[in-house]
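K.L.:
Give me coordinates for this.
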Amino acid sequence: MLLRHPFFISSRLCAAIMIGGATISIEHNGDYSSDNREVWTWYVDLADGEEFSASDLQTACGASATAQEMMETLLTFLGACAESIKYNDRSGRDQADPDSNSTLFPAGMHAWLTANSDEIDMMCLDLDENPGAYVLA
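P.N.:
As a prediction, the model looks like this:
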């Protein structure tokens, strides 16, 4: 495995990046969904010690993906959640509305998401423009 900036190996021994003091890491644990999608686990370890994770990040049906592609996918969802939270705050919409992307991640992540939404978006673009940042040798 060859990692280039911005990737590093986290304390969880997973491919990771850092945004706003939080370590964001992912791993494919070998699981597949009933419709043959790879299931990936994501972790967000905030600077204050709070930890969030879930095994709900999946590839397209029958497809496989690299860690870099799945990190980009995770960042896209994190960015969508942050934008929805900010929109809901401006418009007075309920953050718990199930039709809102604000429910994609736990409420305990919301302050970090909104404070770092620009960095999340920029990291996603950076990874998209540098496809060789994470390479399995």
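K.L.:
ranges for the strands of the chain?
P.N.:
For the chain, the strands defined by DSSP state E cover 2-3, 8-9, 15-19, 22-32, 38-45, 51-58, 134-135.
K.L.:
Poorly predicted segments of this structure, please.
P.N.:
Scanning the chain for pLDDT under 70 picks out 1, 135-137.
K.L.:
Check the gap between the closest residue to residue 52 other than its chain neighbours and residue 2 for me.
P.N.:
Distances taken as CB to CB, 6 or more residues apart in numbering place residue 44 nearest to residue 52, at 4.6 Å, with adjacent residues excluded. Where C-beta positions appear, they are placed from N, C-alpha and C, glycine not excepted. The gap separating residue 44 from residue 2 is 24 Å, by CB to CB, to the nearest Å.
K.L.:
And for residue 78?
P.N.:
Distance from residue 78 to residue 2, by CB to CB: 25 Å.
K.L.:
nearest spatial neighbour of residue 103, skipping sequence neighbours?
P.N.:
Residue 103's closest residue in space is residue 96 (CB to CB, 6+ apart), at 6.6 Å.
K.L.:
you'd agree that neighbour is up against residue 110?
P.N.:
No - counting by CB atoms under 8 Å, residue 96 sits too far from residue 110 to count as a contact (11.1 Å).
K.L.:
Now do the same contact list for residue 106.
P.N.:
residue 52 (CB atoms under 8 Å, 6 or more residues apart in numbering).
K.L.:
More neighbours: which of residue 78 and residue 2?
P.N.:
Neighbours were counted for residue 78 and for residue 2 using other CB atoms under 10 Å; residue 78 has more, 25 against 10.
K.L.:
show me what contacts the more buried one?
P.N.:
Contacts of residue 78 (CB under 8 Å, 6+ apart): 24, 105, 113, 120.
K.L.:
if you set the cut-off to 7 Å instead, what comes out?
P.N.:
105, 113, 120 (CB atoms under 7 Å, 6 or more residues apart in numbering).
K.L.:
If anything else comes up later, I'll come back, but that's it for now.
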